[in-house]
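Asker: Build me a structure from this.
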Amino acid sequence: MNFVKEFVDSVVIIDDKEEEISGLKESLERQDIWVKHFFPDEIIKNSPIRHRTLLFLDLHLTESNDIKGILSQYTRPILKKHFSNNRAYGIVIWSLHDEEISIFYEKIIEDTVISKIYNAPIFIINLSKSKYTGKNDYSGIIDDLNNEISKSPAASFFMSWSISVTKALTNVVSDFFSLSPDFEDKEKKTIKNLYLLAKNYKGLPKEQLENYPLYQDAYKSFDELIYSSLISQQNDNLVDLFKDYKYPEEPVQKEELQNFAIINEKFHLEKQIVKDQSIIPGSIYEILKTNEYLLVPKRPDSAKTIAIELTPPCDFSGKKLYSKLIGGFIANLPDNRDETIKMAEKFSKAYHYTLWPVLADGKAPQLMCFDFRCLFAIKDSELKNAGNYNPIFRAKHSLFSDILQKYSSHSARLGIACLKP
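Answerer: Model (predicted):
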């Protein structure tokens, strides 16, 4: 796969010598890539750039030899202003000096990982500018870039995945809007189809539709259509990330646990809560008024009491009056790794459902636990009492389904009466 041709559609060049990059600009434009060149002082004053999947950056943006001064005066302010809007991009550095690149890497880590003042690039490539300017020949720049990107499995993976997502999105939009070929009636039929998609996303009873923001579920339905299209187009051209990779056997470090918690949150929890407090299966509530039925035995002293609404979808779509709550808690994990493992093992009985590490309700890794013994049925009208039950997030479909399935297995286990000596 030619990652550059497939992924890069816009290039920004920052250089103080226009004559040295005119050939580069022309070469990229011949590949149907949008290219814009800026002088350092010019781009600092400009409004934030919208289009820039690739940045060509000369580390010597002035005649000064003080690389730290250049980074402080130009490079870092430019990145902060123009690369903090959650758009993926890569960087191509023009430099012949390894020590300058090391300083640049150091500042990038400081700004993106520690301070987080702009987005981290998905890759950084170093090319020799003199190789192209010497002969004023940029004809091989695309192949050179592609070869360098291919050396990074992580960058190659992200770019091939991004290309697949774009194709999936295009397929879904094209297929959905082609359902209504009559252009005079297209708007009406398209909205009707979107309404039906949204209505069936959670199977809401008719009486709950009036105050429920159904448009949110239209977006979520389209997300799943894109996912379906994305899965169907997977093929043998995917990048083999793990061909030469050996997973390290050493224990997970504290910073890695934090990263795991962030990823688990994105996978399993949805923090956008419906403002009108519509009762939806999978909603997780903070219990503000003590309810002994929802208190998990031997929970940590500092734990926050929570409960999940676990009404099965078949009951939810009917006219139910009561919600089924399963009690649980959220607690910070200990800093000590051994204590963390011990805590997780303590709440790993058959009647427990644990999710950890996760940033469920804070900035540090936490353990979320539900106890299937802590069951409480409550009227829907009472559950909407914000003074007692505060919805804080929802379990995404996969997590909700897994909790419901494990709860069903636990509560419906068969057994026999048996005489024993």
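
Asker: I91 is in contact with F123, correct?
Answerer: Yes. Using C-beta atoms under 8 Å, F123 is in contact with I91, at 7.3 Å. In short, each C-beta sits where N, CA and C put it, glycine included.

Asker: So these two - more neighbours on which side?
Answerer: The residue with more neighbours, out of F123 and I91, is F123; 21 against 18, by other C-beta atoms under 10 Å.

Asker: Which pLDDT value goes with the more buried one?
Answerer: F123 carries a pLDDT score of 88 in this model.

Asker: Make residue 1 into 61 and carry on from there
Answerer: Got it, first residue is 61 now, which makes that one F183.

Asker: Which residue, other than its chain neighbours, is closest to it?
Answerer: In this structure, F183 finds its nearest non-sequential neighbour in A215, 3.8 Å apart by C-beta to C-beta, 6 or more residues apart in numbering.

Asker: Report the contact partners of that neighbour.
Answerer: F63, G150, I182, F183, I209 (C-beta atoms under 8 Å, 6 or more residues apart in numbering).

Asker: Wasn't it part of a strand?
Answerer: No. Judged by DSSP: H, G, I helix; E, B strand; the rest coil, A215 forms no part of a strand; its state is helix.

Asker: how close does it sit to H412?
Answerer: Counting by C-beta to C-beta, to the nearest Å, the gap between A215 and H412 amounts to 40 Å.

Asker: What of P341?
Answerer: Taken as C-beta to C-beta, the span from P341 to H412 is 20 Å.

Asker: between the two, who's got more neighbours?
Answerer: P341 (21 against 18).

Asker: Secondary structure class of the more buried one, three-state.
Answerer: coil.

Asker: In this structure it contacts F460, no?
Answerer: Yes. Shown here, P341 and F460 form a contact pair, counting by C-beta under 8 Å, at 6.5 Å.

Asker: residues shared between the contacts of the two?
Answerer: In contact with both P341 and F460: L370, using C-beta under 8 Å, 6+ apart.

Asker: For the host helix or strand of K466, which outside residues touch it?
Answerer: Following DSSP states H and E, one finds K466 within helix 457-471. Outside helix 457-471, the residues within contact range by C-beta under 8 Å, 6+ apart are 327-329, 341-342, 368, 370, 372, 386, 410-411, 413, 415, 430, 432, 454-455.

Asker: mean confidence score for it?
Answerer: For helix 457-471, the per-residue pLDDT averages 87.

Asker: CA atoms only: put it into CSV for me.
Answerer: Extracted in CSV, the C-alpha atoms of helix 457-471 (Å, rounded to 0.1, in the frame of the first residue of the first chain):
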residue,chain,number,x,y,z
HIS,A,457,-23.7,-2.2,24.4
SER,A,458,-20.9,-4.7,24.8
LEU,A,459,-20.4,-4.1,28.5
PHE,A,460,-24.2,-4.0,29.2
SER,A,461,-24.7,-7.3,27.3
ASP,A,462,-21.8,-9.0,29.1
ILE,A,463,-23.1,-7.9,32.6
LEU,A,464,-26.7,-8.9,31.7
GLN,A,465,-25.5,-12.3,30.4
LYS,A,466,-23.4,-13.0,33.5
TYR,A,467,-26.1,-11.9,35.8
SER,A,468,-28.6,-14.2,34.1
SER,A,469,-26.2,-17.1,34.4
HIS,A,470,-25.7,-16.4,38.1
SER,A,471,-29.4,-15.9,39.0
